[in-house]
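> okay, predicted coordinates and the sequence, questions at the end:
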Amino acid sequence: MLTVTVMVSVKNAQWAKMLTDKTYMPTVFKHGKNFKIGNFSIIESGVRVGDNVTIGHHCLLKSGTRFADNVNFADYCKTTGICYVGNNVNVRTGSCISKSVIVEDKAFIGAAVMTSHTKHIHHQRPQMPRVQLLTRIGYGAVVGSHTNLSAGVHIGDNVVIGYGSVVIKDVLEPAIYAGNPLRKLKELSDEMRVTKPDGYEEHIFSDEMLAKYLPYYVKG
């Protein structure tokens, strides 16, 4: 058994209680080079992460989570199931990447951002239809701290959402938005946009993954 200390590489970790920092990982955990993890974090089975991924303290990665390369997942962040976080993405303290969320490359997720995957609240309401939707945060997009995203919204490439906003419908035009209700504040100049390479392909979940993790998925 390898003892995991604060922000050191982890190799051949077993699912066990680490006496020094109480970090939990499955026996079979696929991760790339230079993987680092903080104290009091939990990684479930069925999680895969790429190279140069850093997980902070008190984090939770649920089964079905997929991280690409160069991801920084700060303290107290969590995923709730099948999700994808792309290359060079920074997720700040206390944010929740819900199941069904896709974060494309070079996006920035501020602190305490809340995402969702269900259209209706089914709790104690069996007559309510169960509907799960995909949420996408585009290439180079910025979602400011304490922002809430409704299930199924699409944040376009290079869209900037300001602090404390509420997003309940698609926002596709590159610009700066904020508020509740959300409103456009100003244009985003060309020099402030992150260049998306030719041939870039947005991430999609396989049919197998959708069937396993999102049984009530409805294509938007």
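That came in fine, so what should we check first? Predicted model only: the values in this text are computed from it and were never measured.

> which residues touch the most centrally placed residue in the chain?
With distances taken as C-alpha atoms, centre = their mean, residue 97 lies nearest the centre of the chain, 3.7 Å away. Residues counted as contacts of residue 97 (C-beta atoms under 8 Å, 6 or more residues apart in numbering) are 65, 77-80, 83, 85, 91, 103, 109, 115. Every C-beta, even on glycine, is put in place using the N, C-alpha and C of the backbone.

> the nearest residue to residue 38 once chain neighbours are set aside: neighbour count?
Closest residue to residue 38 apart from its sequence neighbours, by C-beta to C-beta, 6 or more residues apart in numbering: residue 57 at 3.6 Å. The number of residues packed around residue 57, counting by other C-beta atoms under 10 Å, is 18.

> if I look at residue 57, how far off is residue 40?
Distance of residue 57 to residue 40, given as C-beta to C-beta, to the nearest Å: 6 Å.

> what do you get for residue 210?
Going from residue 210 to residue 40 by C-beta to C-beta gives 31 Å.

> and residue 56, what is it in contact with?
With contact set as C-beta under 8 Å, 6+ apart, residue 56 has these partners: 38, 41, 73-77, 93.

> picking up where we left off before, Provide a list of residues in contact with the residue nearest to residue 38.
6, 38-41, 75-76.

> phi first, then psi, for the residue located most distally from the centre of the chain.
Most distant residue from the mean C-alpha position of the chain: residue 127, 30.4 Å away (C-alpha atoms, centre = their mean). For residue 127, the backbone dihedrals are phi -80, psi -10 (criterion: degrees, to the nearest 10).

> worst-scoring helix or strand of the protein, pLDDT-wise?
strand 8-9 (a mean of 40; mean pLDDT, DSSP states H and E).

> make JSON lines from the contacts of residue 97 and add secondary structure to it.
What follows is the contacts of residue 97, written out as JSON lines (DSSP: H, G, I helix; E, B strand; the rest coil):
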{"residue": "65", "secondary structure": "strand"}
{"residue": "77", "secondary structure": "coil"}
{"residue": "78", "secondary structure": "strand"}
{"residue": "79", "secondary structure": "strand"}
{"residue": "80", "secondary structure": "coil"}
{"residue": "83", "secondary structure": "strand"}
{"residue": "85", "secondary structure": "strand"}
{"residue": "91", "secondary structure": "strand"}
{"residue": "103", "secondary structure": "strand"}
{"residue": "109", "secondary structure": "strand"}
{"residue": "115", "secondary structure": "coil"}
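
> pick the one among these closest to residue 142.
Using C-beta to C-beta, residue 109 comes nearest to residue 142 of the contacts of residue 97, at 8.4 Å.

> what's the spacing between that closest one and residue 206?
Taking C-beta to C-beta, one finds residue 109 at 24 Å from residue 206.
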